[in-house]
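Peer 1: Give me a model of this one.
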Amino acid sequence: MILQSERLSTLLSEEQKVDSNSLERQFAHHLEYTVGKNKYNIKNEDVYKALGHTVRDFLIDRLNITNEKYRSENPKKVFYFSLEFLMGRTLGNALISLGLYDPITAMLKNFGLDLKEILEFEMDAGLGNGGLGRLAACFLDSMATLNIPGFGYGIRYDYGIFNQLIANGAQLEMPDHWDANGIPYEIIRTDVAYSVGFYGHTETRITGSGRIVYEWIPAETVLAAAHDYPVPGFNTNTVNYLRLWTARSSEEFNLDYFNHGDYMKAVQDKSISENISKVLYPNDTTEQGKALRLKQQYFMVCASLQDIMESHREAGGTWATLPSKVAIQLNDTHPSIAIAELMRVLMDLEGMDWEEAWAICTKIFAYTNHTVLPEALETWKVSLMELLLPRHMQIIYEINRRFLEEARAKGVLQDHEIMEVSIIQEGHEKRVRMANLAVIGSHKVNGVAALHSELITKTIFRSFFLLFPEKFNNKTNGITPRRWFIQSNPSLASLVAKKIGPSFASNLDKLRDLEPFANDADFRNDFQKVKDHNKIELAKLIKGETGITVDPTSMFDVQVKRFHEYKRQLLNILRVIALYRRIKENPSIAVTPRTVIFGGKAAPGYYMAKLIIRLINNVAQVVNNDKDVAGRLKVIFLPNYRVSLAEKIIPGTNLSEQISTAGTEASGTSNMKFMLNGALTIGTLDGANVEMAEEAGDENIYIFGLKTEEVFSVKRNGYNPQDYIYKNVDLSRLLIMLRENYFCPGEPGLFMPIHDSVYYTDTYLLMADFEAYDKMQIKIAKDYLDKDTWAKKAIYNVARAGKFSSDRTILQYAKEIWNVPQVPTEPPKSLFKLG
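Peer 2: Alright, predicted model coming up:
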């Protein structure tokens, strides 16, 4: 057995080894001269900073090698535009990718320090809300590992996704000042800054040749300053970067106002300008919040396009060669204003005519859609767009006019379908449909799972699909095995490497070689020991975070993800209530011990999601203090779910809950992470669960509930949740418990909105799926008692998870959408080795 305390990697050859003496000197230098400390007054914080700067040196060396390679070969590059990058912690991942994990571990040990303790000091870079941002982070890792010239562009928010506290069972939001202790590996590019305009008006003039020329005169400008975050590839010299923009005032300080005593006015412009990059997802329930969100989107794309075009010019490129050298992927609709911005630059600043500019534009952009829910497709008031970006609104109108003419000329759409594909949503208050702009302005549009990609062509983008079916394709999401297996589950990764070799780290399909060992009793025993060890570690974490003691031999049943009604955390806790009631009514009933673990954040303004969190915590308070269920059922809510917490939860999980209503989840990626780490899945046939079932085999996954077409049929036929409630005793009784305030005796009526939502409307069909979900959970409880068979199923899940590597996804993007090459550099001297 390989325990987590053992070395992650083994035996670097002599030519691959890092000189330990020079590494120590480098670290000591940064500790003394960069951080300003010596061995007599250092703290873990100082060691982290010195270590970060030491690693930064290695990163910059390889970044320079990579940039020189790109300069000499001038390959086509891809730029990933995303308003979210949920990077988590960087240092440990960088050590693994650079082959420095063991040398650094040994070096710190010589100083009497523990690397794992030092890594815990790093705060998560929570610059994203959930799967969208985490996917972007995985993609950057894969691009670097595959030697693809790919770079991320986003915003360096001062405050990321909020820190979640739980008080009296309720979620409280606290600011996430993720960079409060400094970011040692960050590279501040003081020489890279661009002006970004807002508001103002558009002027027109006619040239001597009769051409109409437009000029936007902004009334407000801010500066976008670049901060780079190196992204190292695994066991390669390639280091790409994520470039994040921070807002700076074009006028730092008004001395005249200050000298006249108006001290607030002297810095007002600076404060207003820098609000743009202040916080991830400002509250957009107010008009000011909406304007700030649109400002953020334009701020990011405007600066990024200027940066891309500057690099293109420096490489000797022309506008005609732009599509052969640049690909831009729009990660959801948030950056889709880039289409109008590029058109503005090409026409207004570079003097192109419309047709030439549009031909370039549509060859460069591709768009990834992440939702099947119409209400989740972003729209902006025309009046806001006209105010904030007047020239862009003119361009959008013209894009729409020309497109609708083309659509009508094809003759395949009815009048109501023409209205559906229009960028402008007519009505009392006109709105700009950003998804429609993205589809029209991109040469490819992809979904993120096979089911999702099929659904968007039948639902939200059906009319577009009728017009140009060749645009649409699928790119099933993936996860990076470097973070989500090697880093997060080193014991299991090492065990696997000893059986099949280490090549799966960069070719996850190699995990198929593990399949024969599912029938090896000794391997199953070692596999189970690793899982048991990970569960003991998770139990310690739960005790430390919540004060609650859990039994690590119980089934760890986990649902951790962003809170939304369609993800159906409510279905899970309602089933927990039903199980609790059964035990209370029959204390002698045989029950497989189960610890049900929840984690996740609800958007601050999402009332129902926050109320579900409150219900979970109130149920936990009752269940965990009831002696009748002691040793058989525990409910845990782990606060402040984030990447670094996921890395600790997922390896210790037995059962992964992926129970969204069929046809609502685009893909999901947490489902893939659990599968790779040896958890079995209970889920609906939704998102990537469909492909997971195909890969794992029906016997190794627990699928229940209505299928997508059945969901649509039930709703068409007039769904009434009470038809299901009155046929199911458990449902009827648990709803009575909610009505009678069983879990909120001191606050009568607290959970009636939840009761009423499932009793009267039940938008996400919890009542329709409850019985099937409950029966499957009963089967799972029985199956879990056969530990040997459970381990065999878990091994098959690991062995068949290869498809869900983000390396596979990125290679498909590179070949089928971006047409970008792999540009390998010389192999590095230090490699990370498993085994």
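Peer 1: who does the helix or strand harbouring Ile188 touch, helix- and strand-wise?
Peer 2: Assigned by DSSP states H and E, Ile188 falls within strand 187-198. Counting contacts by 3 or more C-beta pairs under 8 Å, 6 or more residues apart in numbering; DSSP states H and E, strand 187-198 is packed against strand 220-232, strand 239-249, helix 287-314. Any C-beta I mention is one placed from the backbone N, CA and C, and that applies to glycine too.
Peer 1: can you rerun that using 7 Å?
Peer 2: Judged by 3 or more C-beta pairs under 7 Å, 6 or more residues apart in numbering; DSSP states H and E, the packing partners of strand 187-198 are strand 220-232, helix 287-314.
Peer 1: Pick the most deeply packed of these.
Peer 2: Neighbour counts (mean count of other C-beta atoms under 10 Å) averaged over each of the helices and strands packed on strand 187-198 peak at strand 220-232, with a mean of 22.
Peer 1: burial measure for Leu377, as a count.
Peer 2: Using other C-beta atoms under 10 Å, Leu377 has 18 other residues around it.
Peer 1: Grab the most central residue of this protein for me.
Peer 2: Nearest to the mean C-alpha position of the chain, by C-alpha atoms, centre = their mean, lies Arg134 at 2.4 Å.
Peer 1: Quick one: residues contacting the residue nearest to it when sequence neighbours are not counted.
Peer 2: In space, and not counting its chain neighbours, Arg134 is closest to Leu86: 4.3 Å by C-beta to C-beta, 6 or more residues apart in numbering. Contacts for Leu86 (C-beta atoms under 7 Å, 6 or more residues apart in numbering) come out as 126-128, 133-134, 137, 643.
Peer 1: on that earlier part again, could you dump the helices and strands packed on strand 187-198 into a markdown table and include distance to Glu406?
Peer 2: Formatted as a markdown table, the helices and strands packed on strand 187-198 follow (distance: least, C-beta to C-beta, whole Å):
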| stretch | distance to Glu406 |
| --- | --- |
| strand 220-232 | 35 |
| helix 287-314 | 25 |
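Peer 1: Need the ones you listed in CSV (columns: mean pLDDT).
Peer 2: Listed next are these as CSV, based on pLDDT from 0 to 100:
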stretch, mean pLDDT
strand 220-232, 97
helix 287-314, 96
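Peer 1: The ones you listed: which one's closest to Lys39?
Peer 2: Among the helices and strands packed on strand 187-198, the nearest to Lys39 by C-beta to C-beta is strand 220-232 (28.5 Å).
Peer 1: The closest one - contacts with which helices or strands?
Peer 2: So strand 220-232, by 3+ C-beta pairs under 7 Å, 6+ apart, packs with helix 44-73, helix 91-98, helix 131-145, strand 187-198, strand 239-249.
Peer 1: if you set the cut-off to 8 Å instead, what comes out?
Peer 2: Using 3+ C-beta pairs under 8 Å, 6+ apart, strand 220-232 sits against helix 44-73, helix 91-98, helix 131-145, strand 187-198, strand 239-249, helix 263-274, helix 287-314.
Peer 1: ok so, going back, A strand includes the residue nearest to Arg134, no?
Peer 2: Yes: assessed with DSSP: H, G, I helix; E, B strand; the rest coil, Leu86 lies in a strand.
Peer 1: any idea how far it lies from Glu454?
Peer 2: Using C-beta to C-beta, to the nearest Å, Leu86 is found at 27 Å from Glu454.
Peer 1: Could you measure from Lys444 over to Ala438?
Peer 2: To Ala438, Lys444 is 11 Å away according to C-beta to C-beta.
Peer 1: And for Ala226?
Peer 2: According to C-beta to C-beta, Ala226 and Ala438 sit 25 Å apart.
Peer 1: try Tyr566
Peer 2: 22 Å.
Peer 1: Also Gly705?
Peer 2: Distance of Gly705 to Ala438, given as C-beta to C-beta: 32 Å.
Peer 1: do the same with Pro651
Peer 2: Counting by C-beta to C-beta, the gap from Pro651 to Ala438 is 37 Å.
Peer 1: first to last residue in stretch 591-603, what's the distance?
Peer 2: Distance between the boundary residues of stretch 591-603 (C-alpha to C-alpha, to the nearest Å) amounts to 35 Å.
Peer 1: Could I get the full set of strands for the stretch 251-400 of the chain?
Peer 2: 326-331, 365-368, 379-381 (DSSP state E, counting those that start in this stretch).
Peer 1: got the ones you listed as TSV, with distance to Leu638 columns?
Peer 2: What follows is those, written out as TSV (distance: least, C-beta to C-beta, whole Å):
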stretch	distance to Leu638
strand 326-331	28
strand 365-368	30
strand 379-381	35
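Peer 1: export those strands to TSV and tack on distance to Val711, mean pLDDT and mean neighbour count?
Peer 2: What follows is the strands of the stretch 251-400 of the chain, written out as TSV (distance: least, C-beta to C-beta, whole Å; pLDDT from 0 to 100; neighbours: other C-beta atoms under 10 Å):
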stretch	distance to Val711	mean pLDDT	mean neighbour count
strand 326-331	27	98	25
strand 365-368	24	98	26
strand 379-381	25	97	19
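Peer 1: Tell me where the model's unsure across the protein.
Peer 2: Within the chain, the stretches with pLDDT under 70 are 1-18, 252-270, 829-835.
Peer 1: can you rerun that using 50?
Peer 2: For the chain, residues meeting the criterion pLDDT under 50 lie at 1-16, 253, 263, 266.
Peer 1: Shouldn't Leu455 be within a strand?
Peer 2: No: assigned with three-state DSSP, Leu455 falls outside any strand and is helix.
Peer 1: tally of neighbours for the nearest residue to it once chain neighbours are set aside?
Peer 2: Counting by C-beta to C-beta, 6+ apart, Leu455 lies nearest to Val372, which is 5.0 Å off, once chain neighbours are set aside. Residues lying near Val372 (other C-beta under 10 Å) number 26.
Peer 1: hang on, Val372 packs against His452?
Peer 2: Yes: when contacts are counted by C-beta atoms under 8 Å, Val372 is listed as touching His452 (6.2 Å).
Peer 1: Overlap in contacts, those two.
Peer 2: Common neighbours of Val372 and His452, using C-beta atoms under 8 Å, 6 or more residues apart in numbering, are Ala666.
Peer 1: ok, of the contacts of Leu86, which one's closest to Ala28?
Peer 2: When the contacts of Leu86 are compared for distance to Ala28 (C-beta to C-beta), Val643 wins out at 30.7 Å.
Peer 1: picking up where we left off before, and Thr553, which of the helices and strands packed on strand 187-198 is closest to it?
Peer 2: strand 220-232 (39.3 Å).
Peer 1: for Lys535, what are its contacts?
Peer 2: 552-553, 556, 652, 654.
Peer 1: Over to Asp686?
Peer 2: Per C-beta under 8 Å, 6+ apart, neighbours of Asp686: 451, 658, 660-665, 668, 708.
Peer 1: now the strands for the stretch 401-550 of the chain?
Peer 2: For the stretch 401-550 of the chain, the strands defined by DSSP E, counting those that start in this stretch cover 424-425, 431-433, 444-447, 472-474.
Peer 1: Between the two ends of stretch 754-773, how far is it?
Peer 2: Stretch 754-773 has an end-to-end distance of 19 Å (criterion: C-alpha to C-alpha).
Peer 1: Stretch 632-641 too?
Peer 2: Its start and end residues considered, stretch 632-641 measures 25 Å (C-alpha to C-alpha).
Peer 1: What residues of that stretch count as buried?
Peer 2: Using 16 or more other C-beta atoms under 10 Å as the test for burial, stretch 632-641 gives 632-641.
Peer 1: likewise stretch 419-436?
Peer 2: Using 16+ other C-beta under 10 Å as the test for burial, stretch 419-436 gives 420-425, 431-436.
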